[in-house]
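In: Everything below, folded, please.
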Amino acid sequence: MKILKDSAIYLLGEIFAKALPFLLLPYLTRKLGAAGFGELSYYQTYLALLVIVFGMSQDGAVARYYYVYGKRNLHNVVYAGYAYTFAVAGVALAAAWAAGSLIMAAVVGAAASQCVLNVQLVLRQCRKQAFSYTLIQVASGILTSALTVALLEWMDGEPVAKRFMALLLGNAAVSAIAAWWFLRDRYLVVHISYSKLFKSIRYIMVFGVPLILHYVAGFTKGQLDRMVLYPIYPAEQIGIYAAGFQVAWILSVLLMATNRAVVPYYYQAMKDGRLNSFRIRKLSCWTFALVFVVALLTWLLPESLFLLVLGDEYIGIKWYACLFLLGNGLSAPYFILVNYLYYYGQNSKISFISLLSVGSYLAVLLATVPLGPKWTPLAMIAGGLVILPLLYRQVKD
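Out: Predicted structure coming up:
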């Protein structure tokens with residue numbers, strides 16, 4: 001029963017926290033217009049890329065360290081990761097300052113604060129502190145949303161940069177409070193050792209570097225299309241494209257929230273022998289079929305409903321939303337299969353399979369870009385369809 005209770009808390013908290021940015025979607029689409037929203041989406045691709053570079057899979061490294069080695073030296077791993085993040089982010093900020101780009105500086109700060117927040121979240125997840133995890137998520141969502149509206153309404157100029165400033169300020173504030181609260185734990189003995197810090201940095205690099213290709217593959221399949229399309233097609237058209245992606249992202253948020261909640265129990269079930277390759281394969285097949293049902297139900301909705309929510313500028317959004325739902329929905333069987341490989345530490349194999357998927361994605365993207373944004377979502381679908389049978393074959397006892 002505890003898994004159901006904790007999963008419900010994780011899921012509801014994540015949904016509520018992520019619902020706030022989605023509730024902002026109608027506000028942002030109208031406040032920025034289709035062209036401005038297209039520009040926002042373009043810089044969000046840089047945010048996603050920088051989170052990969054600044055994060056170096058720290059959250060995964062912290063989680064693995066906790067489950068494998070315990071919490072005795074965990075704080076040194078956390079501090080080492082933060083030191084890396086701040087060092088790399090400092091270099092990126094200097095580059096943004098030299099280029100005179102306020103937007104990129106805000107994006108760099110937002111990416112660094114997101115990495116710090118992710119580690120604070122995984123610390124609660126490792127301890128199965130569902131309520132604390134949810135509280136951090138909700139606080140971050142509320143604060144960043146409130147700051148977004150405040151900055152856009154009270155300050156003039158650079159509206160896109162203000163969204164990233166809000167993310168920076170909100171996530172940094174919540175992370176600072178969460179870190180202070182975590183260190184108040186009377187059972188947590190903190191002894192900083194520089195030799196252990198260097199060892200911890202090496203541990204993070206050894207864990208994270210093989211996964212860089214994996215996460216870059218995910219970035220490529222989820223973000224690269226807008227980087228390619230933005231310089232070629234009108235910003236208004238990219239805004240409609242990006243709005244369709246954001247609508248479909250709701251499903252992805254639900255899947256990621258569920259995955260975060262279930263992973264500790266997934267690993268425990270693997271360890272206890274209650275979950276095996278046969279059951280994992282069967283479950284992945286069921287979820288694969290369900291993805292197409294969700295996309296079909298969305299297609300049956302009238303487009304006027306989408307326009308009512310987002311604004312009259314976004315004609316044609318339903319097409320993009322349905323295709324992106326298929327692409328994002330394929331994450332469900334993907335999570336089920338890839339967690340099996342993560343459990344056995346097959347990170348290099350995951351990265352190799354991800355590269356094959358990226359190759360398929362890039363081939364379809366290059367073929368569809370000249371045809372227009374209407375067809376480029378097929379690249380995400382192709383990349384997802386290719387990786388699933390490859391992972392399926394690796395799930396075996």
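In: hey, let's count contacts and neighbours off CA atoms from now on
Out: Fine.
In: what sits against residue 333?
Out: By CA atoms under 8 Å, 6 or more residues apart in numbering, the contact set of residue 333 is 283-285, 287-288, 388.
In: quick one: which helix or strand includes it?
Out: helix 331-343 (DSSP states H and E).
In: Next, format the contacts of residue 333 as JSON lines and append secondary structure and pLDDT.
Out: Shown next, in JSON lines, are those (DSSP: H, G, I helix; E, B strand; the rest coil; pLDDT from 0 to 100):
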{"residue": "283", "secondary structure": "helix", "pLDDT": "90"}
{"residue": "284", "secondary structure": "helix", "pLDDT": "90"}
{"residue": "285", "secondary structure": "helix", "pLDDT": "90"}
{"residue": "287", "secondary structure": "helix", "pLDDT": "92"}
{"residue": "288", "secondary structure": "helix", "pLDDT": "92"}
{"residue": "388", "secondary structure": "helix", "pLDDT": "92"}
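In: List only buried entries from those residues.
Out: Among those, those scoring as buried are 284, 287-288, 388 (criterion: 16 or more other CA atoms under 10 Å).
In: Taking those residues, tell me the two that lie furthest apart.
Out: Greatest spacing in these, by CA to CA: 287 and 388 (11.7 Å).
In: residues in contact with the spatially closest residue to residue 78 that is not a sequence neighbour?
Out: In this structure, residue 78 finds its nearest non-sequential neighbour in residue 62, 7.0 Å apart by CA to CA, 6 or more residues apart in numbering. Counting by CA under 8 Å, 6+ apart, residue 62 makes contact with 74, 77-78, 119, 122-123.
In: how much space between residue 62 and residue 127?
Out: 12 Å (CA to CA, to the nearest Å).
In: Packing partners of the helix or strand hosting residue 8?
Out: Take DSSP H and E as the rule and residue 8 turns out to sit in helix 2-55. Contacts defined by 3 or more CA pairs under 8 Å, 6 or more residues apart in numbering; DSSP states H and E place helix 2-55 against helix 74-99, helix 102-126, helix 130-154, helix 159-183, helix 194-229, helix 235-272, helix 303-310.
In: one more time with 6 Å, if that's ok
Out: helix 102-126, helix 130-154, helix 235-272 (3 or more CA pairs under 6 Å, 6 or more residues apart in numbering; DSSP states H and E).
In: Does anything pack onto the second one? Which helices or strands?
Out: Contacts of helix 130-154 with other secondary structure elements, assessed using 3+ CA pairs under 6 Å, 6+ apart, are made with helix 2-55, helix 159-183.
In: and with 10 Å instead?
Out: helix 2-55, helix 102-126, helix 159-183 (3 or more CA pairs under 10 Å, 6 or more residues apart in numbering; DSSP states H and E).
In: Give the buried residues for it.
Out: Buried residues in helix 130-154 (16+ other CA under 10 Å): 130, 132-149, 151-152.
In: any idea of the angle that helix forms with helix 159-183?
Out: If you take axes from the mean of the first three to the mean of the last three CA atoms, to 10 degrees, helix 130-154 sits at 150 degrees to helix 159-183.
In: Please identify which of the helices and strands packed on helix 130-154 is closest to residue 395.
Out: Across the helices and strands packed on helix 130-154, closest to residue 395 is helix 2-55 (CA to CA), at 23.7 Å.
In: relative to helix 130-154, how tilted is that closest one?
Out: 50 degrees.
In: tell me the angle of helix 2-55 relative to helix 74-99?
Out: 40 degrees.
In: Deepest-packed of the helices and strands packed on helix 130-154, please.
Out: helix 102-126 (a mean of 23; mean count of other CA atoms under 10 Å).
In: Which neighbouring elements make contact with that helix?
Out: Helix 102-126 packs on helix 2-55, helix 58-69, helix 74-99, helix 130-154, helix 159-183, helix 235-272, going by 3+ CA pairs under 10 Å, 6+ apart.
In: Put together TSV for those, with distance to residue 344 on each row.
Out: As requested, the helices and strands packed on helix 102-126 are exported to TSV (distance: least, CA to CA, whole Å):
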stretch	distance to residue 344
helix 2-55	22
helix 58-69	11
helix 74-99	21
helix 130-154	25
helix 159-183	30
helix 235-272	10
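In: Now the ones you listed in a markdown table, please, with extra columns for mean pLDDT.
Out: Shown next, in a markdown table, are the helices and strands packed on helix 102-126 (pLDDT from 0 to 100):
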| stretch | mean pLDDT |
| --- | --- |
| helix 2-55 | 81 |
| helix 58-69 | 85 |
| helix 74-99 | 92 |
| helix 130-154 | 90 |
| helix 159-183 | 91 |
| helix 235-272 | 84 |
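In: before we move on, the earlier item: could you dump the helices and strands packed on helix 2-55 to JSON lines with distance to residue 380?
Out: Listed next are the helices and strands packed on helix 2-55 as JSON lines, based on distance: least, CA to CA, whole Å:
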{"stretch": "helix 102-126", "distance to residue 380": "24"}
{"stretch": "helix 130-154", "distance to residue 380": "27"}
{"stretch": "helix 235-272", "distance to residue 380": "11"}
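In: buried sites along the helix or strand hosting residue 294?
Out: Assessed by DSSP H and E, residue 294 sits inside helix 277-299. Buried residues in helix 277-299, defined by neighbour count with 16+ other CA under 10 Å: 277, 280-281, 284, 287-288, 291-292, 295, 298.
In: quick check, nearest of those to residue 368?
Out: Nearest to residue 368 among the buried residues of helix 277-299, with distances taken as CA to CA, is residue 295, at 21.0 Å.
In: Now do the contacts for residue 222.
Out: 45, 48, 216, 245, 324, 327-328, 361, 377, 379-380, 383 (CA atoms under 10 Å, 6 or more residues apart in numbering).
In: cool, and residue 164?
Out: Counted by CA under 10 Å, 6+ apart, residue 164 has contacts 40, 43-44, 47, 103-111, 144, 148, 170.
In: Repeat that for residue 327.
Out: So residue 327 contacts 221-222, 245, 248-249, 252, 291, 295, 321, 377-385 (CA under 10 Å, 6+ apart).
In: what about it, which helix or strand?
Out: helix 317-329.
In: Hey, what's the angle from that helix to helix 235-272? Just curious.
Out: Orientation check (the same axes, to 10 degrees): helix 317-329 against helix 235-272 gives 20 degrees.
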